[in-house]
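J.: Kindly return the folded structure for what I paste below:
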Amino acid sequence: MNKHLKDLERWCARESGLRLKMGPPLPNTEIKKLPGGIASSNIRQPLDVPFQPKSFVIPISYRQFLSEHSFARLEYMNEDEQWEVYEPFNIFSPEEVVKGLSFTPSGTELDDKPICSTFLIAFATAGYQAEASRWCFYTDKDIPAKRKGELPILSESNDFECDVAKYVETRKWVEKAMNMPAAYSFDEWLSKLVSMVTSKPFDPERTDEIPNGFYAKKK
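T.: Model prediction:
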């Protein structure tokens, strides 16, 4: 098991009404199909900038994770004594990844200008309470990776408009785009996430604090 998940599992064992659910290994043949699966799942969606499978070279550390666990999520026992997903830690299954959940349809515009976001590959929920939010691999080249074979990771929120979109015509970022990387590899992201989740006793209301912690300035 991934070291970070082992740490998380040990923490869960000390908590009450909390469990870590993990999917079975994903065969390499299925991992290779993910880019094509994303394209196929979105072929009928009205995207001004269609997704190109070749743009998504699956990051090395993410590939390693999938080869061990096809998904991972925290679940807690809610007040109705039902298991509920804790959204700050919810790494998608392949079935969720191929949906292209962070792609912006062509009908969405900002300042009357069409925008696109097919450079974002959503792989987990971020967990903000007020709006839909996801962690995404960034596939364009203007934010370089710091490690060979990896991709930067951005947080995307799109309750109204995607906050890390680009204009279709110019391919420039929208104004005030939230395009600061939270991490530069999947492994770095997972390490930070587990560290923040396990830093305190579990509280289902502790949501926004987790994704915000990726951007907090060190004292």
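J.: now the lowest-mean-pLDDT helix or strand in the chain, how far from the centre of its chain.
T.: Every helix and strand of the chain was ranked by mean pLDDT, DSSP states H and E. The lowest is strand 109-110, at a mean of 73. Offset of strand 109-110 from its chain centre (CA atoms, centre = their mean, to the nearest Å): 23 Å.
J.: Which elements pack onto that strand?
T.: The contact analysis (3 or more CB pairs under 8 Å, 6 or more residues apart in numbering; DSSP states H and E) places strand 109-110 against no helix or strand. Bear in mind the C-beta positions are built from the backbone N, C-alpha and C, glycine included.
J.: partners of that strand, with directions?
T.: strand 113-116 (antiparallel) (DSSP bridges).
J.: Now the longest strand along the chain: buried residues?
T.: Longest strand in the chain, counting residues (DSSP state E): strand 83-91. Within strand 83-91, the residues that count as buried by 16 or more other CB atoms under 10 Å are Y86, E87, P88, F89, N90, I91.
J.: Where does the prediction get shaky in the chain?
T.: 1, 159-161, 218-219 (pLDDT under 70).
J.: quick one: P59 and G17, what's the gap?
T.: 33 Å (CB to CB, to the nearest Å).
J.: out of those two, which sits in the more crowded spot?
T.: P59 (23 against 13; other CB atoms under 10 Å).
J.: ok, that one to P46 distance?
T.: 28 Å.
J.: In space, what's closest to the spatially most central residue of the chain - neighbours in sequence excluded?
T.: Against the mean C-alpha coordinate of the chain, by CA atoms, centre = their mean, the closest residue is W135 at 2.5 Å. Spatially, and ignoring its direct neighbours in sequence, W135 is nearest to A124 (4.4 Å; CB to CB, 6 or more residues apart in numbering).
J.: Enumerate every residue touching the one you found.
T.: Neighbour list for A124: F89, N90, I91, F92, R134, W135 [criterion: CB atoms under 8 Å, 6 or more residues apart in numbering].
J.: Export those residues as a markdown table, with columns for distance to P35.
T.: Listed next are the contacts of A124 as a markdown table, based on distance: CB to CB, whole Å:
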| residue | distance to P35 |
| --- | --- |
| F89 | 25 |
| N90 | 22 |
| I91 | 18 |
| F92 | 15 |
| R134 | 18 |
| W135 | 18 |
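J.: Those: which two are farthest apart?
T.: Pairwise distances across these peak at 12.9 Å for F89 and R134 (criterion: CB to CB).
J.: what about the strands in the chain?
T.: 18-22, 72-77, 83-91, 109-110, 113-116, 120-125, 133-138, 153-157, 166-167.
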